[in-house]
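J.: coords please:
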Amino acid sequence: MARHGVSHRAVAATATAVVVCLAIVMMSDVGNAERILKADDQPAEDLVIKNKEPGIVSKVLHFLWQSGKSSYQHVWPDLKIGWKLAVASIIGFFGAALGSVGGVGGGGIFVPMLTLIVGFDPKSSTAISKCMIMGAAGSTVYYNMRLRHPTLDMPIIDYDLALLFQPMLMLGISIGVAFNVIFADWMVTVLLIILFLGTSTKALFKGIETWKKETIMKMEAVRLLEAETKPNDNAGGEYRALPSGPAINQDDHVSIIYNIRWKEFALLVFVWIAFLAVQIVKTYTVTCSIEYWILNSLQVPIAVSVSIYEAMCLYKGTRVIASKGKEVTNWKIHQIILYCSFGIVAGLVGGLLGLGGGFILGPLFLELGIPPQVASATSTFSMAFSSSMSVVQYYLLRRFPVPYASYFVVVATIAALVGQHVVRRVIALVGRASIIIFILALTIFISAISLGGVGIVGMVEKLANDEYMGFDDLCFST
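T.: I've put the predicted structure just below:
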């Protein structure tokens with residue numbers, strides 16, 4: 001009986017639901033009939049207009065995507081000697097000097113300079129900026145390869161740290177270059193302003209914190225020296241210099257051959273060559289074909305395998321981030337995954353905006369407790385590989401004129417060497433490595449203002465001219 005009662009109730013509920021649905025359908029039909037009768041009294045033109053009027057979703061989709069349309073039109077000025085080239089060279093020189101010291105490359109200064117002064121379009125400026133970053137990073141790496149850690153007996157470049165992040169950085173660069181072709185300029189501008197203001201603020205606070213620690217160290221060093229020195233020691237005694245904390249040793253320059261960890265360096269070169277081979281072979285395929293996407297997907301196992309190897313060594317304790325000194329980090333799986341994700345994001349942003357991944361890696365290394373000199377050197381070392389790879393990709397996409405790019409590469413290369421030499425001397429003189437962090441924060445902030453301003457101006461002009469501002473088709477654009 002209970003079962004029959006349940007079945008009767010189920011049938012009754014089902015019948016009620018059917019009746020309600022039929023009632024709703026009938027009411028909607030009646031409503032439609034009334035609207036049709038009312039429409040008979042209106043002109044036919046009004047009905048056509050109302051039927052054709054798109055909704056909000058359709059308008060947004062139409063704004064972001066129109067098949068066969070592209071907002072990219074390259075503008076390449078001729079290479080002529082004049083005031084524009086002179087001003088651009090000066091700005092590029094100081095941008096490369098500051099960027100190389102801070103370990104961020106200087107792309108945030110290069111892109112506005114190339115756009116506003118020289119007259120390149122934003123995406124061509126992004127590609128030439130990558131060429132300049134490659135030149136500055138290459139010369140900086142050559143300079144740093146002869147330097148030792150400021151306080152430990154090891155190279156100033158942390159090769160284990162680079163081995164963890166650099167493969168992911170290069171993978172992100174490949175994705176970012178594709179996004180640079182697809183994304184509209186206003187999308188890049190919004191992302192840039194949000195990212196750079198956050199990282200510059202974080203770096204500034206880190207610089208202030210480091211400055212305070214250095215001040216405490218200096219005061220403690222002075223007290224210890226005064227406690228050990230007798231009153232009559234100064235009379236006819238030998239001058240004793242005050243300890244200055246992170247100052248560079250006099251014999252910090254050694255031979256490059258003995259200052260490179262060749263096993264880790266060989267792995268990094270292997271990743272670079274593998275990525276380069278993929279990019280070269282890809283030029284012989286049709287864009288967006290099956291072979292094209294298969295070759296692109298090969299970059300994932302190349303990068304992931306090397307990073308996983310280093311991550312497992314750090315997790316098991318067979319390798320350590322020695323540049324942190326006595327402080328040993330017990331690496332956990334979620335931390336390693338998070339840091340590798342930051343490497344991909346850094347590369348993606350670098351390829352998308354034409355910047356060095358150091359805008360993210362530099363502040364990240366500082367948060368990990370890496371000394372400023374080591375953070376700058378390791379970040380630049382990773383950028384040397386990733387920026388050279390993105391230059392190859394941009395060249396294959398024909399995104400920059402070679403004569404202009406070659407000239408600015410020379411300017412950036414010289415500027416980076418000068419900047420490294422001058423700032424290292426200043427740090428040795430004042431004994432404050434926090435200067436590097438302040439240069440990092442200043443460079444990122446200037447980049448946010450300049451790049452953000454250029455992007456907003458371009459966005460307003462396109463809106464005024466009613467130009468297409470949606471996504472570009474990767475297959476159509478290339």
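J.: and residue 316, how many neighbours?
T.: 9 (other Cβ atoms under 10 Å). Every C-beta, even on glycine, is put in place using the N, C-alpha and C of the backbone.
J.: state the pLDDT value of it.
T.: On the pLDDT scale, residue 316 is placed at 82.
J.: do the same with residue 294
T.: For residue 294, the model assigns a pLDDT of 90.
J.: gap between the two ends of stretch 151-163?
T.: 22 Å (Cα to Cα, to the nearest Å).
J.: cool, stretch 311-321 as well?
T.: Using Cα to Cα, first and last residues of stretch 311-321 are 11 Å apart.
J.: over to residue 147: give its phi and psi.
T.: Torsion angles at residue 147 (phi, psi; degrees, to the nearest 10) stand at phi -100, psi 150.
J.: and what of the one 3 residues further on?
T.: Backbone torsions for residue 150, taken as degrees, to the nearest 10, come to phi -60, psi -30.
J.: how about the helices in the stretch 101-250 of the chain?
T.: Secondary structure of the stretch 101-250 of the chain (DSSP state H, counting those that start in this stretch): helices at 107-112, 122-144, 159-182, 185-228.
J.: quick one: low-confidence ranges for the chain?
T.: Within the chain, the ranges that satisfy pLDDT under 70 run 1-74, 103-105, 185, 228-253, 325-330, 354-357, 467-474, 476-478.
J.: what residues are up against residue 132?
T.: 92, 96, 106, 107, 110, 405, 408, 409, 411, 412 (Cβ atoms under 8 Å, 6 or more residues apart in numbering).
J.: contact partners for the third one?
T.: Pointing back at residue 106 there. Here residue 106 is in contact with 95, 96, 98, 99, 100, 132, 133, 136, 356, 412, 443 (Cβ under 8 Å, 6+ apart).
J.: count the residues that sit near the fourth one.
T.: Which is residue 99. Residues near residue 99, counting by other Cβ under 10 Å: 36.
J.: state the distance from it to residue 417.
T.: According to Cβ to Cβ, to the nearest Å, residue 99 and residue 417 sit 13 Å apart.
J.: over to the fifth one?
T.: For residue 100, the distance to residue 417 under the criterion Cβ to Cβ works out to 8 Å.
J.: again, but for the second one
T.: Between residue 96 and residue 417 the distance, using Cβ to Cβ, works out to 9 Å.
J.: quick revisit: shared neighbours of residue 100 and residue 417, anything?
T.: If you check residue 100 and residue 417 against Cβ under 8 Å, 6+ apart, the residues they both contact are 139, 140.
J.: looking at those two, which is more packed in?
T.: residue 100 (36 against 18).
J.: about what we covered before: and the contacts of residue 132, which is closest to residue 207?
T.: residue 106 (18.2 Å; Cβ to Cβ).
J.: leaving aside the residues adjacent along the chain, what's closest to that closest one?
T.: residue 99 (2.5 Å; Cβ to Cβ, 6 or more residues apart in numbering).
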